[in-house]
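Trainee: Kindly return the folded structure for what I paste below:
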Amino acid sequence: MKINRLTAMILAAMLLGIVAGYGWRETAGSPEAINAFAEQLSILTDIFLRLIKMIIAPLVFSTLVVGIARMGDSATVGRIGAKTMGWFLTASFVSLSLGLLMVNLLKPGVGLGLPLPDVTASSGIEKGALTLKDFISHLIPKSVFDALAKNEILAIVVFSLFFGTAASAVGDKARGLIDAIDAVAHIMLKVTGYVMNFAPFAVFAAIASMVAKEGLGILSTYGSFMAQFYLTLGALWLCLLLMGSVFLKRRVLELLVAVREPALLAFSTASSEAAYPKTLDRLKRFGCSDRIASFVLPMGYSFNLDGSMIYCTFASIFIAQAYGIDLSLSQEITMMLILMVTSKGMAGVPRASLVVIAATLAQFNIPEAGLLLLLGVDHFLDMGRSATNVLGNAIAASVVAKTENALGAAQPELDEDDDIDPEPRQELEPAFAKQSA
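Mentor: Numbering: from 1, shown residues only. You can find the predicted model right below:
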């Protein structure tokens, strides 16, 4: 397997970060010095994540609008949207169900061997389950500029759907504008390349800061729990790959190779959002068309965070087990159904899932203080969750593209070549070609 330069640099940065963080923790001499070191280093990670946030809104808007405009009509948008949501709901059900199954089989909370926090203790996590009202307010923006300024991906997707569909309906009159937006998309992808050059520094800072603050000793304390959760994530990866292979056949393994770089980036920064631009680029190199990748991927960041969803059920039952609370099968199924709704719209940023878990615990009288058991290792767990989110969304986009091929379009939505293209595939059919004809 050929490893490109950026992947190699990220791997090297992770190793150097572990060495630097551990070395400083052992020689600093005081907690104050350790915290100061971690705080100073975190500036590099903050810079990188801010750069990512800077490009996500215009990148999502421009690529999605152009993609929808090139679909030709609202019927095509509706068909692809229905397929996308069908896959998301199926993957969500698999993720949540697998989390429940594995946590009941492995029972990580039974005989934990750690002092339990007092049930009255505060976890410091704000309870904020996404209610129907909140969901609607996030779904439909009061102002597109407000949504762009706040990087609310779901709201940007909704506006882009309207804008792209209307532009397609207008036809030739909008062609010049869509060409301009297409140029913006290419510019933003170029900017993404510049931003990614900073990724190894951000990875080094994130890993060194985490190891300095938490120490490697926490891995032995929580080693069993973490091993069981990563085993559960491994089972989910296997399920997702098997689901993808039904449509992609052997190419699902090529897809796994194609997204190794964005998955590694998400793993090292514990942020799915940080990997968004690179995931979009790798999907295009894999052969997924612009319009499918640009349509499915932004929606996936709101509706298809598989790693975060499996953690919600796994962590909730783990805390219940730690406190000796037995939940009936019907209660666990109810919890899963609630999480099917409350997890939607969950941001792909660090620790967003803890907010959903805190609200879920309250509904089943499970002590919220149990979250204190997870806070120390949550960053380590979030690394795996974020990488899983990247894989899940990459498979979703590729599967949707593959199903469109079956309709016999002149331009395939997923190239059938066995090799990954060195450069993103360009659309052969210009915008509004059908209307112009």
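Trainee: okay, and the helix or strand of this protein with the least pLDDT?
Mentor: helix 433-436 (a mean of 40; mean pLDDT, DSSP states H and E).
Trainee: check contacts around the closest residue to Tyr222 other than its chain neighbours.
Mentor: Distances taken as Cβ to Cβ, 6 or more residues apart in numbering place Val377 nearest to Tyr222, at 4.7 Å, with adjacent residues excluded. Glycine gets a C-beta too; all of them are placed from N, C-alpha and C. Taking Cβ atoms under 8 Å, 6 or more residues apart in numbering as the definition of contact, the neighbours of Val377 are 214, 218, 222, 225-226.
Trainee: Out of the residues you listed, grab the one that's most surrounded.
Mentor: Highest neighbour count within these: Phe225, with 22 neighbours (other Cβ atoms under 10 Å).
Trainee: May I have the secondary structure class of that one?
Mentor: For Phe225, the secondary-structure state derived from DSSP: H, G, I helix; E, B strand; the rest coil is helix.
Trainee: doesn't Pro108 make contact with it?
Mentor: Yes: at 4.8 Å, Phe225 and Pro108 qualify as touching, with contact defined as Cβ atoms under 8 Å.
Trainee: Could you tell me which residues touch both of the two?
Mentor: Phe318.
Trainee: coming back round to it: would you report the backbone torsion angles of the residue nearest to Tyr222?
Mentor: Per-residue torsions, Val377: phi -110, psi 10 (degrees, to the nearest 10).
Trainee: Use 412 as the first number from now on
Mentor: Okay, residue one is now 412; in that scheme the one you just asked about reads as Val788.
Trainee: so how far is Met621 from it?
Mentor: 10 Å (Cβ to Cβ, to the nearest Å).
Trainee: Residue ranges in the chain under the pLDDT threshold?
Mentor: For the chain, residues meeting the criterion pLDDT under 70 lie at 412-414, 483-484, 532-549, 755-763, 817-823, 827-848.
Trainee: longest helix anywhere in it?
Mentor: Secondary structure of the chain read by DSSP state H shows that its longest helix is helix 442-480.
Trainee: Asp692 and Val602 touch, don't they?
Mentor: No: taking contacts as Cβ under 8 Å, Asp692 lies outside contact range of Val602: 11.9 Å.
Trainee: Which one's more surrounded, those two?
Mentor: In this view Asp692 and Val602 are compared by other Cβ under 10 Å, and Asp692 has more residues nearby, 20 against 16.
Trainee: so how far is Leu527 from Leu782?
Mentor: Using Cβ to Cβ, which is the criterion applied here, Leu782 is 12 Å from Leu527.
Trainee: cool, Lys624 as well?
Mentor: Counting by Cβ to Cβ, the gap from Lys624 to Leu527 is 23 Å.
Trainee: Out of the two, name the residue with the larger neighbour count.
Mentor: In this view Lys624 and Leu527 are compared by other Cβ under 10 Å, and Lys624 has more residues nearby, 20 against 17.
Trainee: and the more buried one, what element?
Mentor: Secondary structure assignment for Lys624, by DSSP states H and E: helix 610-625.
Trainee: on contacts alone, who are the packing partners of that helix?
Mentor: If you count contacts as 3 or more Cβ pairs under 8 Å, 6 or more residues apart in numbering; DSSP states H and E, helix 610-625 packs onto helix 416-438, helix 442-480, helix 671-680, helix 789-816.
Trainee: Switch the ones you listed over to a markdown table; also include distance to Ile589 and mean neighbour count.
Mentor: Written out in a markdown table, the entries for the helices and strands packed on helix 610-625 read as follows (distance: least, Cβ to Cβ, whole Å; neighbours: other Cβ atoms under 10 Å):
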| stretch | distance to Ile589 | mean neighbour count |
| --- | --- | --- |
| helix 416-438 | 31 | 16 |
| helix 442-480 | 5 | 19 |
| helix 671-680 | 27 | 25 |
| helix 789-816 | 21 | 25 |
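Trainee: Would you mind saying which of those helices lies nearest Met513?
Mentor: Comparison of the helices and strands packed on helix 610-625 against Met513 by Cβ to Cβ identifies helix 789-816 as nearest, at 13.5 Å.
Trainee: could you check the angle helix 671-680 makes with the longest helix of the chain?
Mentor: Calculated by axes from the mean of the first three to the mean of the last three Cα atoms, to 10 degrees, helix 442-480 forms an angle of 140 degrees with helix 671-680.
Trainee: so Val663 makes contact with Ser656?
Mentor: Yes: with contact defined as Cβ under 8 Å, Val663 counts as touching Ser656 (4.5 Å).
Trainee: more neighbours, these two?
Mentor: Per other Cβ under 10 Å, whichever of Val663 and Ser656 has more neighbours is Val663, with 19 against 16.
Trainee: what sits against the closest residue to Leu627 other than its chain neighbours?
Mentor: Distances taken as Cβ to Cβ, 6+ apart place Tyr433 nearest to Leu627, at 6.0 Å, with adjacent residues excluded. Applying Cβ under 8 Å, 6+ apart, one finds that Tyr433 lies in contact with 622-623, 626-627.
Trainee: Could you measure from Tyr433 over to Ser571?
Mentor: When Cβ to Cβ is the yardstick, Tyr433 and Ser571 sit 45 Å from each other.
Trainee: Likewise for Phe714?
Mentor: In this structure, Phe714 and Ser571 are 15 Å apart, going by Cβ to Cβ.
Trainee: Leu772 now?
Mentor: Here Leu772 is placed at a distance of 35 Å from Ser571 (Cβ to Cβ).
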